[in-house]
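Novice: Provided below are the primary sequence and the corresponding predicted coordinates.
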Amino acid sequence: MKYFSTLAPMGVFSLNEAVKLIGNEENTKKYLSRLIKIGQIRRIKKNLYSIIDPIIKDDSMSRFVIASHITNDAFISLHSAFEFYGF
């Protein structure tokens, strides 16, 4: 769990971000699959992961945060931003 404390504040992260942290792509994939197996992260889609909140046993990130990480140039619309902030 050496790198988990660094990944956890990210909430949602890609494989490339984890590789930058760990250093080797093969080792990173093994590490992430181990975290998936023990239930600390969840694969959202290929190369995109989310931290699991240990209290509620579900994603700790909202759908807006996940949606903004799907692609590099992703963003949420004005309507979604108002919904996020409760307006």
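Specialist: Done, it's in.
Novice: where does residue 49 land in three-state SS?
Specialist: Classification of residue 49 using DSSP: H, G, I helix; E, B strand; the rest coil returns strand.
Novice: packing partners of the helix or strand in which residue 5 is found?
Specialist: If you go by DSSP states H and E, residue 5 is part of helix 4-7. Judged by 3 or more CB pairs under 8 Å, 6 or more residues apart in numbering; DSSP states H and E, helix 4-7 is in contact with helix 15-22. Every residue, glycine included, has its C-beta placed from N, CA and C.
Novice: could you point out which element follows the helix it packs on?
Specialist: Helices and strands here follow DSSP H and E; after helix 15-22, the next one along the chain is helix 25-38.
Novice: which parts of that next one are buried?
Specialist: Residues of helix 25-38 classed as buried: 28, 31, 32, 35 (neighbour count, 16 or more other CB atoms under 10 Å).
Novice: so what are the sheet partners of the following helix or strand past that helix and their directions?
Specialist: Next along the chain after helix 25-38, taking DSSP H and E as the criterion, comes strand 41-45. Using DSSP bridges, the strands paired with strand 41-45 are strand 48-53 (antiparallel).
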